[in-house]
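Enquirer: I would like the atomic coordinates for the input below:
(one chain, ligands or ions: 1)
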Amino acid sequence: MNAIPDMDGRLLLLGAGRMGTAMLRGWLASGQPADRIVVLDPAPSEEIRRMARDADLILNPSTGKLDDISVLVAAVKPQVMDEALSGIIPALSAGTTPLILSIAAGCTIASFKQHFGEDAPVIRAMPNTPAAIGEGITGFAASPEVSNAQKNMARALLSALGEVVEVTDESLIDAVTAVSGSGPAYVFLLAECLTEAGMRQGLPLELASRLALATVSGAGALLKASGKEPAALRKAVTSPGGTTAAALEVLMDDQEGLCRLMERAVAAAARRSRELAGKKN
Ligand SMILES: NC(=O)c1ccc[n+]([C@@H]2O[C@H](COP(=O)([O-])OP(=O)(O)OC[C@H]3O[C@@H](n4cnc5c(N)ncnc54)[C@H](OP(=O)(O)O)[C@@H]3O)[C@@H](O)[C@H]2O)c1
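Expert: All right, here's what the predicted structure looks like:
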């Protein structure tokens, strides 16, 4: 992950579940001083409690006052975000509003401004599940109030989850959600479908599943390691008149092929993302 720039104040992590913990691991591993990180979570996992014991992480401070917070990473579920923010805002020290960095699906920049004021610097980010092993990708959009230094800070913090890309317009977060946020599920489904199709060709379940899983993960690893375009790799393994060409003729059908299906699936996810964001505000 990228080195985290020196922080003026402290970092507050609101919600230490799967995503929060993945980020925390990365921050601590990259040398971020644990005593500059405050974690709030009503039922912290054993791992988080161990970090608090062994690494001086500040967990659920009882002082009532959250002094000197310069970055608030909001990593609770969207449905509890408003309640969680309302619970901490009175305890934040008055004065400068911290950078708000949210990874919550469907929580818009405007929804944070309702809590922190119109001038609050807010970043809305959308990670994905491979973040759990540092192999995710996060797209983010920043409100105009976010300074370049704050953006660099956010990039570094999010890089604990994998790659980080910026989109210039918040409305594109719905498309990011539809492609990479929900995308891992499409790939898992591909492995399921490939297993089932293999069984229909006579393979026993265990063997079909092993072949499909290794193929999906191996192809993904090759795609990443080679640095080549997927289309170039596809063409390289497709001999004219061969077996791959026979399959691709079906998969690349203009009307019923995978591209058309994926277009509809991604459009459905983007539409749902817009609906959910609309509902929250
Ligand atoms: N997981 C993904 O693949 C993914 C992808 C993209 C975006 N996201 C977003 O990332 C966020 C976190 O997701 P997650 O998968 O890490 O969820 P999670 O595992 O449920 O983590 C959320 C954590 O917040 C805690 N919490 C609940 N109320 C709180 C409060 N008032 N103050 C502080 N902490 C509180 C929860 O505790 P309890 O469990 O005790 O309630 C839990 O430990 C969500 O907003 C989600 O939309 C997740």
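
Enquirer: CA only for contacts and neighbour counts going forward, please
Expert: Noted.

Enquirer: I'd like the secondary structure assignment at the residue in the stretch 51-200 of the chain positioned nearest to the ligand, please.
Expert: As assessed by C-alpha to the nearest ligand atom, the ligand sits closest to residue 104 within the stretch 51-200 of the chain, at 3.1 Å. Classification of residue 104 by DSSP: H, G, I helix; E, B strand; the rest coil places it in coil.

Enquirer: Quick one: neighbours of it, just the number.
Expert: For residue 104, the neighbour count with other C-alpha atoms under 10 Å is 20.

Enquirer: Show the model's pLDDT score for the closest residue to it other than its chain neighbours.
Expert: Nearest residue to residue 104, sequence neighbours excluded (C-alpha to C-alpha, 6 or more residues apart in numbering): residue 78, at 5.5 Å. Per-residue pLDDT puts residue 78 at 93.

Enquirer: What parts of the stretch 51-200 of the chain come near the ligand?
Expert: With C-alpha under 6 Å from any ligand atom as the criterion, the stretch 51-200 of the chain comes near the ligand at residues 75-78, 80, 84, 103-105, 126-129, 181.

Enquirer: In a markdown table: those, plus secondary structure.
Expert: Formatted as a markdown table, those follow (three-state DSSP):
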| residue | secondary structure |
| --- | --- |
| 75 | coil |
| 76 | coil |
| 77 | coil |
| 78 | helix |
| 80 | helix |
| 84 | helix |
| 103 | coil |
| 104 | coil |
| 105 | coil |
| 126 | strand |
| 127 | coil |
| 128 | coil |
| 129 | helix |
| 181 | helix |
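
Enquirer: wait, which of those residues is closest to residue 11?
Expert: Of all those, the one sitting nearest residue 11 is residue 75; the distance, using C-alpha to C-alpha, is 12.7 Å.

Enquirer: picking that back up, put the buried members of the residues of the stretch 51-200 of the chain next to the ligand into a ChimeraX selection.
Expert: Of these, the buried ones go into a single ChimeraX selection, burial set by 16 or more other C-alpha atoms under 10 Å:
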select :75,76,77,78,84,103,104,105,126,127,128,129,181
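
Enquirer: Out of the residues of the stretch 51-200 of the chain next to the ligand, which comes closest to residue 227?
Expert: The closest of those to residue 227 turns out to be residue 128 (C-alpha to C-alpha; 21.0 Å).

Enquirer: That closest one and residue 185 touch, don't they?
Expert: No: counting by C-alpha atoms under 8 Å, residue 128 stays clear of residue 185, with 9.9 Å between them.

Enquirer: helix, strand or coil for residue 43?
Expert: coil.

Enquirer: can you tell me which residues contact it?
Expert: Applying C-alpha atoms under 8 Å, 6 or more residues apart in numbering to residue 43 gives no contacts.

Enquirer: one more time with 10 Å, if that's ok
Expert: 15-17, 49, 60 (C-alpha atoms under 10 Å, 6 or more residues apart in numbering).

Enquirer: do the same with residue 192
Expert: Here residue 192 is in contact with 186, 198, 208-209, 212-213 (C-alpha under 10 Å, 6+ apart).

Enquirer: Narrow those residues to those in helices?
Expert: Among the contacts of residue 192, DSSP state H puts 186, 198, 208-209, 212-213 in helices.

Enquirer: ok, these vs residue 242, which is closest?
Expert: residue 198 (18.2 Å).

Enquirer: Provide a list of residues in contact with the closest one.
Expert: Shown in contact with residue 198 (C-alpha under 10 Å, 6+ apart): 192, 204-205, 207-209, 211-212.

Enquirer: rerun that using 8 Å as the cut-off
Expert: By C-alpha under 8 Å, 6+ apart, residue 198 lies in contact with residue 208.

Enquirer: ok, it to residue 167 distance?
Expert: 39 Å (C-alpha to C-alpha, to the nearest Å).
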